[in-house]
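Enquirer: Can you look at this prediction? I've put the sequence above it.
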Protein chains: 2
Amino acid sequence: MQADSAVASLGALAQEHRLALFRMLVQAGEGGMAAGMIAEKLGVPNSSLSFHLTQLREAGLVLQERQHRSIIYRANYPAMNALVAYLMENCCAGAADCGVGAACEAPAQERKSA
Amino acid sequence: MQADSAVASLGALAQEHRLALFRMLVQAGEGGMAAGMIAEKLGVPNSSLSFHLTQLREAGLVLQERQHRSIIYRANYPAMNALVAYLMENCCAGAADCGVGAACEAPAQERKSA
DNA sequence: GCCTCATTTCGAGAAAACTAAAAATGAGAT
DNA sequence: ATCTCATTTTTAGTTTTCTCGAAATGAGGC
């Protein structure tokens, strides 16, 4: 993960509707959700939602796929995991525990463009 | 963690200089770094850096403390962990594994023993 | 008590992001 | 081939963010 793609991902998530949208997809699992359904659940106009979906897609956080008449979006879990790993890389100057939970870990072995 | 504080945290991280700064502090550990040292390492004017530090502090991602003439900043690890947990909450519609790594887990309070 | 120096606040200009109606697209259905 | 409908693109206006020099602040040192 590179700095600018991390900034892009974080920027994509740093917005009320997009964060709610992404979490919805994260919780929806591999099945994903249709764009129209998302717009309805979020109470956002279609054109606005499309703008936000594009932001998330360009950041690499969601994937899209046509299914009949709808377009299904789903969370890109590897991208999410890579982002989190980037944030926590080389955490805590080598201390074993960063104070809370197990989240702060040594760098996951760098995988090629997840 | 609530939606708006997550948005605030993500927005704080969604900026080239602030992301570099936060990662620097994450890697620096509990010892932290002085504001001036950070500005120098990042190659950013003091006034700009102060703006960014304020963003991160108001988002709750960094803590500040006076030490002699300098002000020491350090990463707020619990806040970082809470943010990550919020992103991944109820991940994957109950599937055991989100496809990559170990990052995608059940909500924090029900953490399984390693 | 005054001086020094690290840091923050102020101010204004430039750039980027959000919103949403209206028009366009294009895959499926008939 | 044509129609339909879900979705995206366009467009324009509003709001927010970023930048950084100059001035102000305030804790420590002298």
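Expert: The structure has been received and is ready for your questions. Numbers count the residues shown, from 1 in each chain, chains lettered A, B, ... in the order given.

Enquirer: show me where chain A has helices.
Expert: Counting by DSSP state H, chain A has helices at residues A:3-13, A:16-28, A:35-42, A:46-58, A:77-88.

Enquirer: what does the second one contact?
Expert: Residues from elsewhere that reach helix A:16-28, judged by Cβ atoms under 8 Å, 6 or more residues apart in numbering or on different chains: A:12-13, A:32-33, A:38, A:41-42, A:44, A:48-49, A:52-53, A:55-56, A:61-62, A:73-75, A:77, A:80, B:3-4, B:6-7, B:10, B:86-93. All C-beta atoms are positioned from the backbone trio N, CA, C, and that covers glycine.

Enquirer: List the contacts of the residue nearest the centre of chain A.
Expert: For chain A, the residue nearest the mean C-alpha position is A:L61 (3.9 Å; Cα atoms, centre = their mean). For A:L61, the set of contacting residues under the criterion of Cβ under 8 Å, 6+ apart consists of A:S9, A:A12, A:L13, A:F22, A:A75, A:N76, A:A79, A:M80, A:L83.

Enquirer: In ChimeraX, how would I select just the buried ones from those?
Expert: Those of those that count as buried under 16 or more other Cβ atoms under 10 Å in any protein chain shown are selected in ChimeraX with:
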select /A:9,12,13,22,75,76,79,80,83
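
Enquirer: JSON lines please, covering the contacts of A:L61 and showing distance to A:H68 and pLDDT.
Expert: Supplementary listing: the contacts of A:L61 in JSON lines, determined by distance: Cβ to Cβ, whole Å; pLDDT from 0 to 100:
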{"residue": "A:S9", "distance to A:H68": "30", "pLDDT": "98"}
{"residue": "A:A12", "distance to A:H68": "27", "pLDDT": "97"}
{"residue": "A:L13", "distance to A:H68": "29", "pLDDT": "98"}
{"residue": "A:F22", "distance to A:H68": "24", "pLDDT": "97"}
{"residue": "A:A75", "distance to A:H68": "21", "pLDDT": "96"}
{"residue": "A:N76", "distance to A:H68": "22", "pLDDT": "95"}
{"residue": "A:A79", "distance to A:H68": "26", "pLDDT": "95"}
{"residue": "A:M80", "distance to A:H68": "27", "pLDDT": "94"}
{"residue": "A:L83", "distance to A:H68": "31", "pLDDT": "95"}
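
Enquirer: got the contacts of A:L61 as TSV, with distance to B:R69 columns?
Expert: Output for these, formatted as TSV (distance: Cβ to Cβ, whole Å):
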residue	distance to B:R69
A:S9	38
A:A12	40
A:L13	37
A:F22	43
A:A75	47
A:N76	46
A:A79	43
A:M80	42
A:L83	37
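
Enquirer: where does chain A come near DNA strand D, residue by residue?
Expert: By Cβ under 7 Å from any atom of the strand, the residues of chain A that approach DNA strand D are A:34-37, A:39, A:46-47, A:49-51, A:53-54, A:64, A:69-71.
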